[in-house]
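[1] predicted structure and sequence below. I'll ask about it afterward.
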There are 4 protein chains.
Amino acid sequence: MELTQNKTSATFIALLARYDEFLKQYIYPLELKAVYGSFKASLPELQALREIAKKEGLFAPHLSKEEGGLGLSLQEFGRISEILGKSPIGHYVFNCQAPDIGNMELMHQFASKELKEKYLKPLQKGEIRSCFAMTEPENAGSNPVHLSTTAVKVGDEYIINGHKWFTSSADGAAFTIVMAITDPENSNPYQRASMILVPLDNPGFKLVRNIPIMGDIGEDYMSHGEVKFINCRVPASNLIGQEGQGFALAQERLGPGRIHHCMRWIGICERAIELMCRRALTRMLDPGKPLASQQTIQNWIAESVASVKASRLMVLATAQKIDEEGAKAAKEDISTIKFFVSDVLMNTLDRAIQVHGGLGITDDTLLSFWYRHERGARIYDGPDEVHKSVLAKRILKQFAGS
Amino acid sequence: MELTQNKTSATFIALLARYDEFLKQYIYPLELKAVYGSFKASLPELQALREIAKKEGLFAPHLSKEEGGLGLSLQEFGRISEILGKSPIGHYVFNCQAPDIGNMELMHQFASKELKEKYLKPLQKGEIRSCFAMTEPENAGSNPVHLSTTAVKVGDEYIINGHKWFTSSADGAAFTIVMAITDPENSNPYQRASMILVPLDNPGFKLVRNIPIMGDIGEDYMSHGEVKFINCRVPASNLIGQEGQGFALAQERLGPGRIHHCMRWIGICERAIELMCRRALTRMLDPGKPLASQQTIQNWIAESVASVKASRLMVLATAQKIDEEGAKAAKEDISTIKFFVSDVLMNTLDRAIQVHGGLGITDDTLLSFWYRHERGARIYDGPDEVHKSVLAKRILKQFAGS
Amino acid sequence: MELTQNKTSATFIALLARYDEFLKQYIYPLELKAVYGSFKASLPELQALREIAKKEGLFAPHLSKEEGGLGLSLQEFGRISEILGKSPIGHYVFNCQAPDIGNMELMHQFASKELKEKYLKPLQKGEIRSCFAMTEPENAGSNPVHLSTTAVKVGDEYIINGHKWFTSSADGAAFTIVMAITDPENSNPYQRASMILVPLDNPGFKLVRNIPIMGDIGEDYMSHGEVKFINCRVPASNLIGQEGQGFALAQERLGPGRIHHCMRWIGICERAIELMCRRALTRMLDPGKPLASQQTIQNWIAESVASVKASRLMVLATAQKIDEEGAKAAKEDISTIKFFVSDVLMNTLDRAIQVHGGLGITDDTLLSFWYRHERGARIYDGPDEVHKSVLAKRILKQFAGS
Amino acid sequence: MELTQNKTSATFIALLARYDEFLKQYIYPLELKAVYGSFKASLPELQALREIAKKEGLFAPHLSKEEGGLGLSLQEFGRISEILGKSPIGHYVFNCQAPDIGNMELMHQFASKELKEKYLKPLQKGEIRSCFAMTEPENAGSNPVHLSTTAVKVGDEYIINGHKWFTSSADGAAFTIVMAITDPENSNPYQRASMILVPLDNPGFKLVRNIPIMGDIGEDYMSHGEVKFINCRVPASNLIGQEGQGFALAQERLGPGRIHHCMRWIGICERAIELMCRRALTRMLDPGKPLASQQTIQNWIAESVASVKASRLMVLATAQKIDEEGAKAAKEDISTIKFFVSDVLMNTLDRAIQVHGGLGITDDTLLSFWYRHERGARIYDGPDEVHKSVLAKRILKQFAGS
């Protein structure tokens, strides 16, 4: 395969510019208040922006045209996602935020007509929110076969019991999709779990707490729930896909999901570089001698720009591969971008903070928010260390016996 | 000079063990609540611990025996400081916390008898708290000659006007020492500023806000103030030392101050390594296969232990040099430990978080607190980049012309 | 612009496979002897391979079809260059080795018909070799306006005087192109120098020595000359391009030149990863427990693979930009790949050596050759530090005044 | 234990100054020629320096006074070793070079009276040289229980068969000490091997080749032999220590040996920093603007100085611990300095090369020699990765079950 840099159609370039403009006009003025103040209190303003986005035809760009979106390839949406990533509320305004986008993708492919009608449609329209309950506090996420949550089929119901955390955005969500063991005796540990949709008004569901993460307890969409399922009964028809398909579906969900995260991270880096440059140009060491004149600062800018550029090319190439050959064919590539880009992200944020000096550790800029809330990037969706081993083992296999 | 590892006297070793024991018995059980909950609400409990410390003869170890302390060398206090650093409230309980300890050292040497009587004594006893107002939002801290705050002598008063931030612990403090320009025309920019004591009940003093730092607005001792001096009048006798000595005193204050910080950072590292090891031993990837079996985790532990050990030796050697030859003779050493240890600190915390996985980014362990609140270590007291240049220039001088 | 990974035509893919096959069949068996033994002694064998390459239509792929090459874009040649880079003699066999390839590109564009006939043609056919004399021992290469070599026009001759080094491959070359100051008074320092072709049988040219580089004095093509021009007279018609164009031409020469180097470095990385993987799979720590089972080794493989992939995408994207918009438009990109890829190269080699243990530092593998001879990659064509500053300043400019 | 920096006695300080002076006067003028030219050809000059060293009472400082040395502690010798390390021929001139020093230490403690008389005495006087044959090409050095070389006792002789490499300085040595399996069935793999002295004029000993290392085939002392033992018969009385003690003795030998290496590495760093600073001060980017004015260069100097200082403190503290408590008690410390200092060494050399630009990769300075010949530092005496695991496992043990 050959990599080329195609001229994008003028139409698409113009579209990107519109998103960029939207951010500057509507989102940047609101973002600090929304992430450092009460998110709930900002909901009306955010809703107003969603209405504008709808009017301008920019809402939910990831959806097919029939579903009200723009009908983009994964690669094209990645380009938009990068722009939205420049603000911590960018994706939210356009209703393509995790974990909802992942649930939309999953349900689009695998949910029954009924579930789609009842849950997916309002989710796509931004009328409700959702969450995804997989990680368990008692089991290492790096080896997902170890799950304690169970769903036992009794009659035409599943009875679910279990303890989950990092059920992001559970607070205020309408439903969750939960990963639970349905076939504990299956000799293939990857076929023991299933995904089941649970409405959160179910009496068997309990939001234990919003977990305080890096100083933020959060609320509503901006939160990470610890939840319990206690004899939680749902109709058996709430199953997503087939019984035992849980891990297979999770893989399907994670492939594009990592593209989304990576492009968002690249957007964050872009904004951090912008903040870093502006600060370096305006902060004076002596009259007429800005911080930008210091070679160390120049090194940081150059190294950030270079590694972000490398990241973008790798993620877009991976998106293209998924578009053309499917997520399975791109497994190595997906592992690679996961650990490569998360590292670039944290390094870039760290440099941007250092350039800001004391201001960098205050909540007066976005950097504090990202430094804290993106530290998880190296952990969630499989810690980087696991992805490195996975990649290395696949590479090594190519040379074994040769 | 030769470096040796002397057996410490049995007495001193026993003393260290008592501090360690105190932390485990009294402080560890309280620390999470004090730093993640309301600090103010914890004050009664903290006060109770201070009383125990007094009774046990462990309170204010940094003070001379006459002042009620233990009469230790800087090096000896460093050893205690390392132990106290294992908890974010360790120094506070023993009343040797920054910025108070720096103010005590400064006033002990340079304050008038009257100021000592009125302010230093109750400070030493832990009856009041203090703060230090030097950094200004409008001027780069890395070049301290640029200060906008002024103190104009009118009659037997100074009239102070200025804007400061990172006036840590201003909230609830009884007084601040402020750095202000008293002689703006002095041809030597290092002789333009003076240090003046300002009681905070002065109507010309205004606590604008507790600056939200990395997600925490903080309160009381655990806060970082943005403050204003507006025609703030204080008696001319509130001057510390001589007029124009501001920078000289700041240097005096910073020398031991950096030892204190560095030893505290090393204590944090010790605790982080302990947390990392315990987590690695108990988190199972598979039954019987703990995280600790992973070579990457082992690398992190080994690299952390090695660099912390190197840090400790360097800081103690520097403390010894200050003890024997004074802070000026140790200027290079002080710059060296500043940037070396702050880097070790942040790397160690980062590894400890990664070992904890999702738990590492929650506020369920101390790591989140330190990851956020110690990020400033690479910035305050001169950004690391400045110290590197300072050190390099002094080294280069040795080879110039030879 | 959008980056896509186009399917390359089946024809081109087949072509790449032929180069790969050629290396394995003909070049790998010869390489260790050629680089660790006497290069001169290997010349007959190398010549024989060149004949095979000609017969197979693979020789001089970088040239246009009219000149006997394959008529490739810079990007396409880059793909071939990566493969050739897997062996230290790969480019040589196909006559697309530096510095000759750079001289061919330069003369193709800017040399007079007569010079082309007399020097370029035999160079393209591999009948003669050439070199390039720019760097001077007395002047920092990072600021190329400082040159001491002069060329004074007297009648229809230039009289050249100067001292150069890193005139690579001067030993045995037929001619050099020398950079010399022809207009020392020009107010624009970038218009003071010119490029002049000097045949090396000229009595005014002296090869002072082959500089021993990292333990190798080298010989013939594999050498780096220190040379002198002493009243060296050449016809004025030996000028390349116009008088005063020296720096402009050097920039033209360097743009594609850096693509060539970077793709070659990537080829080296590919081979180093291959060596690292094979060693890891076959070296046993205990019976049945290969080095490859160690997580640290896996980390190194994964990190190398990821960064090499990122490098390839960036270099090919830059090549495409040069193909489409010219070298000037790609200035930032060219600086970026220079420092990014040289770093990846040295890290990958270093890891591969460490995986080999004691064997890694012997001359029994290629790693020792590359570790030593590619250390210059971070220095030549502008040290990485200069490129970082250049890039940062251009990025900063985008934000100035905005 | 407390670490203090004792004033060294005036006598010892004066002694250090004499070594330093000796290097500048006698050794620096000879070193480039000795390491880049023929070492053999330099032997007469080196011998002359040894005579001067003897006359000045500086020869063989590591030996006890009875044996003609200075009777120093390990820590004191470490201080001298650092100074000698500034030149690649420093230790050789004073006859305290590896591997001879290790053999002297070993034989001093464990050899029979007869072996001492016949071999140790002339070795201590510098009349003969020796080597040490442990590493085998077919077995990973990181797990030393895997040895293929055997010594079978037949009558009063051992018959030794085996293949070794990295038998450093075998070329021209009078004897080797070889590690061979004498009790292959012993259930404790660490009690299977023994150390036996083999004179190299034995017909069963074969120097296969001097292994070319990083471009140098080397000769005489400056060489690394690949050797074979083919039915090599030596008297059973050539055994060092007891049968089966091989590994125990190797550990004894390695403890102080690592101190020697580390202090030598620190000496190399000192010299590299000196070269780096002098180059930075004299290399002009523009008239009056030396390389030293660049902040990146300043960073490198500062980081090198800091890490070298940390290294020195750690190694001397470890030497002190060995002096006071023996090598076994210092096992963790020895592992720590091994990987910490080798890393500092390579980073410092790398920065020094980069500061030198093109000159840095030539053999016109010492940097090329060290960059190549010290790359092994991260590999020999146990690769750094093994030491990290060893250290981590011991640290983890402290927390297990607690």
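    Yes, it's here.

[2] so how many other residues sit close to the residue nearest to residue A:112 when sequence neighbours are not counted?
    Sequence neighbours aside, residue A:237 is the residue nearest to residue A:112 in space, at 6.4 Å (criterion: CB to CB, 6 or more residues apart in numbering or on different chains). Where C-beta positions appear, they are placed from N, C-alpha and C, glycine not excepted. Residue A:237 is flanked by 13 other residues according to other CB atoms under 10 Å in any protein chain shown.

[3] verify the stated contact: residue A:237 with residue A:114.
    Yes: at 6.6 Å, residue A:237 counts as touching residue A:114 under the criterion of CB atoms under 8 Å.

[4] ok, and does the longest helix belonging to chain A reach over to chain C?
    Longest helix in chain A, counting residues (DSSP state H): helix A:246-282. Yes: judged by CB under 8 Å from any CB of the partner chain, helix A:246-282 and chain C are in contact via A:273-274, A:277-278, A:280-281.

[5] so who does the residue nearest to residue A:112 touch?
    Residues counted as contacts of residue A:237 (CB atoms under 8 Å, 6 or more residues apart in numbering or on different chains) are A:112, A:114-115, A:156.

[6] check residue A:86 too.
    Residues near residue A:86 by CB under 8 Å, 6+ apart: A:23, A:267-268, A:270-271.

[7] go again with 10 Å.
    A:19-20, A:23-24, A:27-28, A:31, A:264, A:266-272, A:274, A:366 (CB atoms under 10 Å, 6 or more residues apart in numbering or on different chains).

[8] tell me which element it is part of?
    Secondary structure from DSSP states H and E places residue A:86 outside every helix and strand.

[9] one more: residue A:208?
    Here residue A:208 sits within strand A:205-210, counting by DSSP H and E.

[10] quick one: contacts of that strand?
    Applying CB under 10 Å, 6+ apart, the contact partners of strand A:205-210 are A:131, A:133, A:160, A:163-165, A:167-173, A:175-176, A:178, A:198-200, A:216-220, A:222-230, A:232, A:234.

[11] next helix or strand past it?
    Heading C-terminal from strand A:205-210 (DSSP H and E), you reach strand A:224-235.

[12] packing partners of that next one?
    strand A:130-133, strand A:150-154, strand A:157-168, strand A:175-181, strand A:193-199, strand A:205-210 (3 or more CB pairs under 10 Å, 6 or more residues apart in numbering or on different chains; DSSP states H and E).

[13] one more time with 7 Å
    Helices and strands touching strand A:224-235, by 3 or more CB pairs under 7 Å, 6 or more residues apart in numbering or on different chains; DSSP states H and E, are strand A:157-168, strand A:193-199, strand A:205-210.

[14] export these as TSV, with columns for mean neighbour count.
    As requested, the helices and strands packed on strand A:224-235 are exported to TSV (neighbours: other CB atoms under 10 Å in any protein chain shown):
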stretch	mean neighbour count
strand A:157-168	23
strand A:193-199	25
strand A:205-210	17
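
[15] and the residue in chain A that chain B sits nearest to, what's its pLDDT?
    Distance from chain B to each residue of chain A (CB to the nearest CB) is smallest for residue A:215, at 2.9 Å. Looking at residue A:215, its pLDDT stands at 96.

[16] now do residue A:8
    Confidence score, pLDDT, at residue A:8: 68.

[17] just residue A:328 next, same as before
    Looking at residue A:328, its pLDDT stands at 89.

[18] still on that earlier bit, which of the residues of helix A:246-282 next to chain C has the most neighbours?
    residue A:277 (25 neighbours).

[19] give me the nearest residue to that residue, chain neighbours excluded.
    Spatial nearest neighbour of residue A:277, excluding adjacent residues (CB to CB, 6+ apart): residue C:399 at 4.3 Å.

[20] give me every residue that touches that neighbour.
    Residue C:399 makes contacts with A:274, A:277-278, A:281, as judged by CB atoms under 7 Å, 6 or more residues apart in numbering or on different chains.

[21] let's have these in a markdown table, adding pLDDT.
    Shown next, in a markdown table, are the contacts of residue C:399 (pLDDT from 0 to 100):
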| residue | pLDDT |
| --- | --- |
| A:274 | 98 |
| A:277 | 98 |
| A:278 | 98 |
| A:281 | 97 |
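
[22] ok, these vs chain C, which is closest?
    residue A:277 (4.3 Å).
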